[in-house]
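Participant: This is a predicted model, with the sequence first.
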Amino acid sequence: MSDQTPADSNSAIDYIAIEESPRFRTLKRTQRSFIFPLAAFFLLWYFAYVLLAAFATEFMAQHVWGDITVGLLLGLGQFVTTFAITMAYVSFANRKIDPLATEIREELEKAQGHA
């Protein structure tokens, strides 16, 4: 039985050194290079929809087919876009982010085991 607390057992890890390591910086850069452009795109798309709904009511009220209007289609497009972005991010994370994060975590666990 050990008298170390969980906080004591983690003290061997130098989190600042990890954060400054090239691999961790690559991980952050990879994640940000995907997230920021998609977030900017979605926010522009969302605010365009809101502005159209507020100021282009005649355009949004145009009937496309039966009772289906441009506004309804664009509103449903918001949901489709949200799901598409989510699926794209999950795929990207599985291919690019998770493997690198796993390598870094395993390296830390191995180093902690030797400390």
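Facilitator: On my side now, so go ahead. Small disclaimer: the values here were computed from a predicted structure and weren't measured.
Participant: what's the average pLDDT for stretch 106-115?
Facilitator: Stretch 106-115 comes out with an average pLDDT of 79.
Participant: just use 41 as the starting number from now, easier for me
Facilitator: Yep, numbering from 41; the last one is stretch 146-155 now.
Participant: Now it: buried residues?
Facilitator: Neighbour-count burial for stretch 146-155, with 16 or more other C-beta atoms under 10 Å as criterion, is recorded at residue 148. For the C-beta atoms, the positions are set from N, CA and C on the backbone; glycine is no exception.
Participant: Ok, stretch 58-70 next?
Facilitator: Buried-residue list, stretch 58-70, by 16+ other C-beta under 10 Å: 64, 67, 70.
Participant: got the contact list for the last one?
Facilitator: By that I understand residue 70. Contact analysis of residue 70 by C-beta atoms under 8 Å, 6 or more residues apart in numbering lists 136, 137, 140.
Participant: center of this protein, which residue is that?
Facilitator: residue 75 (5.0 Å; C-alpha atoms, centre = their mean).
Participant: what's the distance between the closest residue to that one other than its chain neighbours and residue 83?
Facilitator: In this structure, residue 75 finds its nearest non-sequential neighbour in residue 129, 7.5 Å apart by C-beta to C-beta, 6 or more residues apart in numbering. From residue 129 across to residue 83, the span is 15 Å (C-beta to C-beta, to the nearest Å).
Participant: do residue 89 as well
Facilitator: In terms of C-beta to C-beta, residue 89 sits 11 Å off from residue 83.
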